[in-house]
Every structure is written in C-alpha cells, then in structure tokens.
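K.L.:
Here is a sequence together with a model predicted from it:
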Amino acid sequence: MKLKDKVAIVTGAGSGIGAATARLFAAEGARVVLVDRDAEGLRKVSGEIAGSLAIEADVSDNAQAHDGVALVMKQWGRIDVLMTAAGISLGGTVDTIDEATWDRTFAVNVKGSYLWIHHAIKPMIVAKSGTIVTVGSQLAQSSIGRNAAYIASKGAIASFTKTIAVDHAAQGIRINALMPGVIDTPMPARSLQRQADPEASRAFWRQRHPMGRIGQPEEVAKAALFLASDDSSFVTGTLLFVDGGWTAH
C-alpha cells in the first residue's frame with residue numbers, strides 16, 4: 001500500500017475528483033480526512049470510507065480551515081498528505097462577470113487552497129515531511145474562453161504551486177499541481193447546463209482531447225496518488241497534465 005498509515009486531507013471530497021481521490025487514498029492505506037461544504041456529498045463519501053473523518057467546511061473560511069487542521073492533529077497527530085481539490089466554475093467573460101462572482105471564484109479556488117496549505121503545512125514543516133497536491137486546469141495553458149475568473153484562478157494555482165514548492169523543498173515537503181482536462185464530474189455537468197446546446201458542447205469537449213473522450217475522475221485520482229506517494233520522491237514544483245492530450249493539440 002502506497003499510503004499505509006499516512007494521514008491525508010482531501011478538500012472538495014464530496015464529489016468528483018476529490019471523492020475519487022479520497023477513495024483511492026483510503027484503498028492505499030491512508031487515514032482520510034474529507035472536507036466539503038456539501039453535507040450530503042460528504043455523508044455519502046464518508047459512508048463509503050471506513051474510519052474516515054468528515055469535516056463540513058467552506059474552504060474559503062480561515063477559521064474553519066484552522067479548526068479543521070487542529071481537529072486532524074488532535075485526532076491523529078500528523079498530516080502527511082494534503083490535496084486541495086475544492087473548486088468552482090461559474091463561467092462568463094470579463095465584461096459580464098460581476099464582482100461577486102469573481103471574488104467567490106478566487107475565494108474558493110485560490111484562497112481556499114492557500115488557507116488549507118497555510119495551516120496544514122505547519123505540522124509538515126515540524127515533521128520535515130509531507131506532500132501537497134493542488135488542482136489547476138489545462139485551461140490555464142490552453143483556454144477555450146468564456147470562463148475568465150475560473151481560468152485566471154487556475155493560472156494562479158499553477159504559479160502558487162511552483163513558488164511554494166521552491167520555498168519548502170529544503171524542509172522535506174513536496175508540492176505539485178494536477179492540471180486535468182475535462183473530467184466527467186458535476187462541475188462540467190453544471191457548465192453544460194449553461195450552454196445553448198449542451199450536447200454540441202459535450203461533443204466539442206470530446207473531440208478537443210486528441211484521445212477522443214472525456215476523462216474519468218479515477219484517472220485523475222491515480223495521478224494524485226503518484227504525486228502524494230513516494231513514487232514521485234524526486235518530483236516537486238511540477239504541473240502534471242492529465243488532459244488526454246488537450247494541451248498538446
């Protein structure tokens with residue numbers, strides 16, 4: 001087992017990539033902490049993972065991030081892995097996005113990653129060990145437009161990941177980012193609902209990946225496991241594209 005006896009926190013664990021990753025981490029021996037504001041999704045995933053710790057929280061809330069990390073430390077006394085998978089995508093171009101939508105997108109996608117890393121990395125520094133996996137997007141490198149706040153936030157995640165990897169490499173902590181393509185999760189499903197022709201949009205997504213299909217959350221989870229485990233012991237500050245060839249196209 002690649003994460004035997006490790007303590008792993010996964011934000012956004014109530015659905016999609018976060019849920020798939022939490023299940024895989026648990027199957028690989030980790031004691032898993034599930035974080036999500038979606039109480040129903042959290043209960044469902046927690047019920048599937050024996051011994052998991054579920055924390056209902058808004059990742060953009062500093063007090064909740066602080067208290068969540070404190071609870072994990074009280075229960076298990078260590079944090080070995082953190083994956084910040086919580087995210088939102090609300091669409092829009094810069095001329096149509098209102099300030100509240102812009103702020104909320106950055107609050108969840110960027111500030112939420114910062115807050116959980118800010119608090120969880122401190123016991124990692126003491127232990128001189130730990131791995132952090134952030135979640136960006138292939139769109140940060142190869143945009144198809146009409147989602148300015150989301151894509152900008154994911155570009156911020158890419159830069160943030162690289163700089164904190166440099167800051168903390170000497171302390172035995174590795175930080176890398178996953179950059180998924182379109183994955184079959186609730187987020188793109190909600191995006192399709194905003195399209196004039198959802199089926200045409202889905203067909204475009206499929207053909208835009210050279211592999212000719214949309215990815216599955218379990219495929220991203222396997223990449224997360226690689227970055228979280230000792231299999232990637234000489235990997236830090238990298239952006240791992242799990243995008244079916246989207247950015248190579």
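P.N.:
That came through fine.
K.L.:
Moving C-terminal from the one helix or strand in the chain whose mean pLDDT sits lowest, which element do we reach first?
P.N.:
When each helix and strand of the chain is scored by mean pLDDT, DSSP states H and E, helix 186-193 comes last, with a mean of 86. Later in the chain than helix 186-193, the nearest helix or strand by DSSP states H and E is helix 198-208.
K.L.:
so what secondary structure elements neighbour the next helix or strand after that following helix?
P.N.:
Counting by DSSP H and E, the element after helix 198-208 in chain order, helix or strand, is helix 217-228. Contact analysis of helix 217-228 by 3 or more C-beta pairs under 8 Å, 6 or more residues apart in numbering; DSSP states H and E lists helix 16-27, strand 81-84, strand 130-135, strand 173-180, strand 239-242 as its packing neighbours. For the C-beta atoms, the positions are set from N, CA and C on the backbone; glycine is no exception.
K.L.:
Extract the CA atoms of the biggest helix by length in the chain and return them as CSV.
P.N.:
In the chain, taking DSSP state H as the definition, the longest helix is helix 148-168. The C-alpha coordinates for helix 148-168 follow below in CSV (Å, rounded to 0.1, in the frame of the first residue of the first chain):
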residue,chain,number,x,y,z
ALA,A,148,-12.4,34.2,-17.3
ALA,A,149,-12.5,34.0,-13.5
TYR,A,150,-12.1,30.2,-13.3
ILE,A,151,-9.2,30.1,-15.8
ALA,A,152,-7.4,33.0,-14.1
SER,A,153,-7.8,31.3,-10.8
LYS,A,154,-6.3,28.1,-12.1
GLY,A,155,-3.4,30.0,-13.6
ALA,A,156,-2.8,31.4,-10.1
ILE,A,157,-2.8,27.9,-8.7
ALA,A,158,-0.1,26.9,-11.1
SER,A,159,2.2,29.8,-10.1
PHE,A,160,1.4,29.4,-6.4
THR,A,161,2.3,25.7,-6.6
LYS,A,162,5.7,26.4,-8.1
THR,A,163,6.7,29.1,-5.7
ILE,A,164,5.7,27.2,-2.5
ALA,A,165,7.5,24.1,-3.9
VAL,A,166,10.7,26.2,-4.0
ASP,A,167,10.1,27.7,-0.5
HIS,A,168,9.6,24.3,1.2
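K.L.:
follow-up on the earlier one: what residues does the least confident helix or strand of the chain touch?
P.N.:
15-16, 87-89, 91, 147, 182, 198, 201-202, 205, 214 (C-beta atoms under 8 Å, 6 or more residues apart in numbering).
K.L.:
rewinding a little: what's the most buried one of the helices and strands packed on helix 217-228?
P.N.:
Among the helices and strands packed on helix 217-228, ranked by average contacts under mean count of other C-beta atoms under 10 Å, first place goes to strand 81-84 (a mean of 28).
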